[in-house]
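# What follows is a predicted protein model with its sequence.
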Amino acid sequence: MSTQVSIPTSKSENALYGEEDLHRSLMALSINNSFAESGMERLALESSGRTPSGSWVRDTVGKVSEKEMEAMLKRALASTLDQVRSFRLFSAPLMCAGDLHDIPRYDRDSDRGHLRRSKKERGTNTFEGYATLQCVEEGMRAQIACEHVGLFDEKAGVLERLLVDARLEEVDISLLLLDRGFFGSSTINVLKRLCQRFFMPCIQTPGIKKALQEYARGERQMISDYTLKPSEGEGASFTLVIFPKARCAPGETDPCKRFIPFATNIPVGDILWNVSRLPKDYRARWGIESGYVGVEEFRARTTSRNHSIRLLYFYYALILYNAWLVANLILARKYCVLPLREPLITVELLKGVFHRMMADSFGGG
């Protein structure tokens, strides 16, 4: 990690701590989901040697510029993909999912545009946003790319950067599954321009609702052409696929509650060939939700408004999540159980091992 994320520390002969101490401290904060001060105090109690203070960790990281920090963290995340790739898991096209993750913030402003507005949740509509791209294939749910989403970022532009990053890492995405939060003409046009196959639920705009009503009356086919016409900007054409809603209430007559509309650019012939599989494929997208829960188990906490610190904490969590995957793959190869069907090592077990290693590294017994 320290080879990709080089954070300058004091070079003085009298300096008590160096860069390796900083990364060990960051590891400890991440696996314990700790704030800097309380986390380092806890580490000091568990180690017989001298440990840095939380303020030293925070101040050292905070001196790195946001742009430089993000570039280093992206390189570090890419290096974990190289380790996953060594198991020959990315040799074939992958099904991946994109999602938006919001960390609640309670600031009175947008923090220089770093925060985004969204639906109110946990007492706030202000969030620190990240868009992530994750493989959702069984046994290889790696975090592939990440982009911070600020107040002025368009979702289409964010998604394009994620896909470009994935392609630079030679990740071939066979099908991209997206949350309905990405539904929009600009996003669809970007995906079509990049020749990226996608599948996502539609937001039920007035036009989509009309299409569902037509389908319920037998006036529209299950698979049909549709053009989304926004009030501003360029429209987008796509294939509209309508599926019956699972667990629909008996006797429900409202088409908007009986059916789920999806947008895609998959060729109609392929849709017909795989029509029964597509809902199952989309359910695989929920793997990114469970993946995000796993990422949260590795994220350190902070109330700092320093964006470099907050970027580091989120990316560190993604990197440690991939480290957990690699640890499982190593064991799976050792015991000849590849492809990996389920984790051999739980997140909690790995965190326990890392916790002991960090305490020992500062002199713990």
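In hand now; what should we look at? None of these values were measured; they are calculated from a predicted model.
# Which elements pack onto the helix ranked longest in the chain?
Using DSSP state H to define each element, the chain has its longest helix at helix 307-334. Under the contact definition 3 or more Cβ pairs under 8 Å, 6 or more residues apart in numbering; DSSP states H and E, helix 307-334 sits against helix 19-31, helix 54-62, helix 66-85, strand 124-135, strand 143-149, helix 286-296, helix 347-361. C-betas here are computed from N, CA, C, even on glycine.
# Quick one: closest of those to residue 237.
strand 124-135 (24.5 Å; Cβ to Cβ).
# would you put the C-alpha positions of the closest one in PDB?
Coordinates of each C-alpha in strand 124-135 appear next as PDB, following Å, rounded to 0.1, in the frame of the first residue of the first chain:
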ATOM      1  CA  THR A 124     -30.100  14.900   6.400                       C
ATOM      2  CA  ASN A 125     -30.200  15.400   2.600                       C
ATOM      3  CA  THR A 126     -26.500  16.200   2.400                       C
ATOM      4  CA  PHE A 127     -24.100  13.400   1.600                       C
ATOM      5  CA  GLU A 128     -20.500  12.600   0.800                       C
ATOM      6  CA  GLY A 129     -21.100  10.600  -2.400                       C
ATOM      7  CA  TYR A 130     -19.100   7.900  -4.200                       C
ATOM      8  CA  ALA A 131     -19.900   5.900  -7.300                       C
ATOM      9  CA  THR A 132     -18.400   2.400  -7.400                       C
ATOM     10  CA  LEU A 133     -18.000  -0.300 -10.000                       C
ATOM     11  CA  GLN A 134     -17.900  -3.900  -8.700                       C
ATOM     12  CA  CYS A 135     -17.800  -7.300 -10.300                       C
END
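# Tell me the buried residues in it?
Neighbour counts over strand 124-135 (16 or more other Cβ atoms under 10 Å) mark 126, 127, 128, 129, 130, 131, 132, 133, 134, 135 as buried.
# And for stretch 35-49?
Buried, per 16+ other Cβ under 10 Å, within stretch 35-49: 35, 36, 39, 40, 42, 43, 44, 46, 47.
# Is the second one in contact with residue 57, as I believe?
What it means is residue 36. Yes. Using Cβ atoms under 8 Å, residue 36 is in contact with residue 57, at 5.2 Å.
# shared neighbours, the two?
Residues touching both residue 36 and residue 57 (Cβ atoms under 8 Å, 6 or more residues apart in numbering): residue 29.
# Tell me where the model's unsure across the stretch 1-150 of the chain.
Regions of the stretch 1-150 of the chain meeting the criterion pLDDT under 70 cover residues 1-4, 11-14.
# Now do the contacts for the residue nearest the centre of the chain.
Central residue of the chain (Cα atoms, centre = their mean): residue 132, 3.0 Å from the mean position. By Cβ under 8 Å, 6+ apart, the contact list for residue 132 reads 98, 99, 101, 143, 144, 145, 146, 147, 162, 288, 292, 318.
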